[in-house]
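1. 3D model of this:
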Amino acid sequence: MRENYPRSECIALIESREEFAKNWPAGETEELSEEPESTTSNSRRSFVWLQTLAFLLGLGLLIFVINRVGVQPLFDALLRVGFGFFVILGLSGLRHFLRTIAMRAAVPPEHRRITFRQAFAARLGGEAISFLTFTGPLLGEATKVALLRKRVPLTYGVPALVVDNLLYNLSVVFFVLSGACVMLARYPLPPPVYMVLLVIASVAALGILIAVIAAKRRVMLLTWIIDRLAQLRLSPKVILKRRHHIYNLESKVYDFYKHHPAAFFLMIVCNLLAHAASVVEVYLALQMLGFQPQVAQAYIIESLTKVINFAFAFVPGTIGVYEGGTEVILQKGLGFTPAAGLALALVRKAAIVSWTSIGLLVLTWRTLPNAWHRILDRSPRLQRLMDSLVLSNIAHRPARTAVSILGTAVGVLLIVFTVGLARGVLHERGRRESNIGAELMIRASGSIGLGGGAQFRLPTSHVAELAAIPGVRAATPIGQTFDKSDSGFGQRLIDGIEYDQYANLAGITIREGRKLASGDEAIIDPEWQRNRNANVGDTVRLFERPFKIVGVYEPPGGGRIKVPLKTIQEQEGAENRASAILIACTDPSKQEEVAAQILQRFPDDQLIFTRDLPEIYASGVPALNVFIKVVVGVAAAISMLVILLAMYTTVTERTRQIGILKSLGMSKTSIAWVIEQEAIIVSVLGVAVGVLLTMLARAAVMRVTSLTIEIEPRWVLIALAVGLLGGTIGALYPALRAARQDAVEALSYE
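-> Numbers count the residues shown, from 1 in each chain. Okay, here's the model as predicted:
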């Protein structure tokens, strides 16, 4: 049976065969095809194992280096970079931009049928392969050739890439030589480091000398090697038959300057600017990490890391070796801390990985359609599945399908993330307040809500009476109120305490600084100090005025910031009053008996067991439940409206197709079910994307802030039900409209 191919694919196939026949000797393909399949399979398997082994060794080295440096110093260093990472990312992209200009300039103008955007995409795709594979630049450059093949003939594309790489590698050698000389001249070095740098400088100088001699005498190195191997009867026949192609390639490389001097100098300038961008990247990254580097140090670091990249190009992603090598360069040669070297390497590696991901997207975009067609050709069952009305409708308008999925995902994100944030914050507060060393808490009669100035109604004179009750070990007043966060997002809880009484009850100690005295002073817990990078002596703005941080207390419990009780009483205008009194029992196992005695003494006050605080905070906010219901309703409405609009548009666009189906005998129920099936599939995909977005948002928020977000499985199921229900109801009207259409009118629809 003859297969039908698209016209564009046929033309491309014919052109590629003509070019192949023009550029390769006859009979060569037969020899190539005679290679045993088992040999190819074994070679490929060995290659995969070597790549895996190199990757695992590099990964092991990375784990060893991180374990030696320590996770916490490394994490603290990376946090200092923050949004400065986008600057590093931009400088990394600038290198690709400059290298793309150089690569495109290497193609002769008369054959340069390629835009800068296409050249940039080809470079990113090739560099992604170079970064991730065992072969490094070999397969990466071949990938660039393949991506450029349709617009630049192989006869001119391959020499252009060879010239581009030769000039860049020569600039790298010069850069390494100059960096090693600067380090040898400016820094006192241990003898081993001095000898290594001397060897690197000597090899680099020798490489430049050989390149100059080869260019002056037009040494055809590859051709010479093939001839010598042929004399020794060691050269394969395939390579011998390609000798004249290799000779022509080397000739074009040597003649490049002669025919294109302007492009030659443009490429040199672009390569030097790319190296300069790398130096700036290192300099700024070290500044963001909290150091005061010199330009010479950044120059040295970049030049020596290029040696690492060259020597270990066979390690996928240079994982481990790049990080370990950068740490050694900074620590042994320049006197930085090990964490600084490792953090610098990880920041730069993150930027490289980001651009590599874009390169992989480019490759996927270019290869996915052909790969998908091949998969369909090999799988008749999948072909029949894709020919179904439901999936073909979804695939017919990918942009609209993506928008529908995203609309449903936003509804899921609203439900799961908002509920997780609200419950997580309340659970976290409940856990913190139950972890303050008190078994009981007493509040004034009629107190409502979870905090605020309105609750400062409990007389502090009750403390002495409570302390006198048998079984009570300690009692202390506490004043809690909310103040707006310094980030402008949400509120934070402030505790007002009598320090000595509170420390006796809760068992806190000052690990840095001193205890609270009076006035506008504050103590903070270690987590707040770490998140804000605060130190004793700094100020924090509370109640619209600065408070001096005088100490750091541990263990954490209650509000993260504590101020003198008298200060907060003055702020709230509640002298000699508190929002609650904390009570610690001599024997915690008898807290119920102590509670009964307290209720006899103060029958009108509220008594709370601190062990119940997590659940009380989660369920004792009436407004929260109303808020959650509103969020669920809004999410359902969004899903319903998005699906309604998408399915209504689908029905309108397919009026003629629906008429054809009805004329062929398809029932109203079947037509309506097709529309509903499409809506259900889109809704399920939307829920999956929504859960993924929620997880990403949760990780980002918990990394940047101290907020806690709890993702509960039941709310994921509720979001799934809401998404499916909203999608089903949203598609109901379009489905009924499609089913009710008259076949004759539908067929005549324009």
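
2. now for the strand or helix carrying Ala679, which elements pack on it?
-> Of the helices and strands defined by DSSP states H and E, Ala679 is found in helix 668-704. Judged by 3 or more C-beta pairs under 8 Å, 6 or more residues apart in numbering; DSSP states H and E, helix 668-704 is in contact with helix 389-396, helix 398-433, helix 622-653, helix 655-663, helix 713-740. Every residue, glycine included, has its C-beta placed from N, CA and C.

3. assign Ile523 to helix, strand or coil.
-> Counting by DSSP: H, G, I helix; E, B strand; the rest coil, the backbone at Ile523 sits in strand.

4. quick check: which ranges of the stretch 1-150 of the chain have low pLDDT?
-> Counting by pLDDT under 70, the ranges of the stretch 1-150 of the chain that qualify are 1-80, 134-137.

5. in the strand or helix carrying Val203, which residues are buried?
-> In this assignment (DSSP H and E), Val203 forms part of helix 191-217. Residues of helix 191-217 classed as buried by neighbour count (16 or more other C-beta atoms under 10 Å): Val193, Val196, Leu197, Ile200, Ala201, Ala204, Ala205, Gly207, Ala211.

6. how about stretch 547-566?
-> Buried residues in stretch 547-566, defined by neighbour count with 16+ other C-beta under 10 Å: 547, 549-553, 556-565.

7. can you check stretch 537-548 too?
-> For stretch 537-548, by 16+ other C-beta under 10 Å, it's Val540, Leu542, Phe543, Phe547.

8. okay, and which of those map to strands?
-> Of the positions in the buried residues of stretch 537-548, Val540, Leu542, Phe547 sit in strands, assigned by DSSP state E.

9. and the furthest pair within the buried residues of stretch 537-548?
-> Val540 and Phe543 (10.6 Å; C-beta to C-beta).

10. sorry, back to before: mind putting the ones in strands among the buried residues of stretch 537-548 into a markdown table with pLDDT?
-> Output for these, formatted as a markdown table (pLDDT from 0 to 100):
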| residue | pLDDT |
| --- | --- |
| Val540 | 88 |
| Leu542 | 87 |
| Phe547 | 92 |
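
11. buried sites along the helix or strand Ala185 falls within?
-> In this assignment (DSSP H and E), Ala185 forms part of helix 154-186. Within helix 154-186, the residues that count as buried by 16+ other C-beta under 10 Å are 154, 156-181, 183-184.

12. repeat that for stretch 492-501.
-> Going by 16+ other C-beta under 10 Å, stretch 492-501 has these buried residues: Arg492, Leu493, Ile494, Asp495, Gly496, Ile497, Glu498, Tyr499, Gln501.

13. only C-alpha atoms, please: export that stretch in PDB.
-> Taking Å, rounded to 0.1, in the frame of the first residue of the first chain, the C-alpha atoms of stretch 492-501 are listed here in PDB:
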ATOM      1  CA  ARG A 492       2.000  39.600  62.100                       C
ATOM      2  CA  LEU A 493       1.300  38.700  65.700                       C
ATOM      3  CA  ILE A 494       3.100  40.700  68.400                       C
ATOM      4  CA  ASP A 495       3.400  39.400  72.000                       C
ATOM      5  CA  GLY A 496       3.600  41.700  75.000                       C
ATOM      6  CA  ILE A 497       5.300  39.900  77.900                       C
ATOM      7  CA  GLU A 498       6.700  40.400  81.400                       C
ATOM      8  CA  TYR A 499      10.000  38.800  80.500                       C
ATOM      9  CA  ASP A 500      11.000  37.300  83.800                       C
ATOM     10  CA  GLN A 501       7.600  35.700  84.500                       C
END
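
14. residues in contact with that stretch?
-> 429, 451, 463, 474-485, 515-516, 542, 558-569, 578 (C-beta atoms under 8 Å, 6 or more residues apart in numbering).

15. and the closest residue in space to Ile200 that isn't next to it in sequence, what does it touch?
-> Nearest residue to Ile200, sequence neighbours excluded (C-beta to C-beta, 6 or more residues apart in numbering): Ala180, at 4.9 Å. By C-beta under 8 Å, 6+ apart, the contact set of Ala180 is Leu197, Leu198, Ile200, Ala201, Ala204, Ser303, Leu304.

16. right, and the first one touches Pro190 too?
-> Translated: Leu197. No. Judged on C-beta atoms under 8 Å, Leu197 makes no contact with Pro190 at a distance of 10.6 Å.

17. tell me which of the buried residues of helix 191-217 is nearest to Arg611?
-> Using C-beta to C-beta, these come closest to Arg611 at Val193, 60.5 Å.

18. pLDDT below threshold where in the stretch 251-400 of the chain?
-> For the stretch 251-400 of the chain (pLDDT under 70), the answer is 333, 366-397.

19. please enumerate the helices of it.
-> Per DSSP state H, counting those that start in this stretch, the stretch 251-400 of the chain carries helices over the ranges 256-259, 261-288, 295-311, 321-328, 338-378, 380-386, 389-396, 398-433.

20. same for the shortest one, what does it pack against?
-> In other words, helix 256-259. Checking 3+ C-beta pairs under 8 Å, 6+ apart, helix 256-259 ends up next to helix 261-288.

21. how far off centre is the helix it packs on?
-> Computed by C-alpha atoms, centre = their mean, to the nearest Å, the chain-centroid distance of helix 261-288 equals 26 Å.

22. buried set for it?
-> Counting neighbours by 16+ other C-beta under 10 Å, helix 261-288 gives 263-264, 266-267, 270-271, 273-286, 288 as buried.

23. can you give me the angle it makes with helix 321-328?
-> Relative orientation of helix 261-288 and helix 321-328, computed by axes from the mean of the first three to the mean of the last three C-alpha atoms, to 10 degrees: 60 degrees.

24. same for helix 261-288, what does it pack against?
-> Judged by 3+ C-beta pairs under 8 Å, 6+ apart, the packing partners of helix 261-288 are helix 71-81, helix 85-105, helix 154-186, helix 256-259, helix 295-311, helix 338-378.
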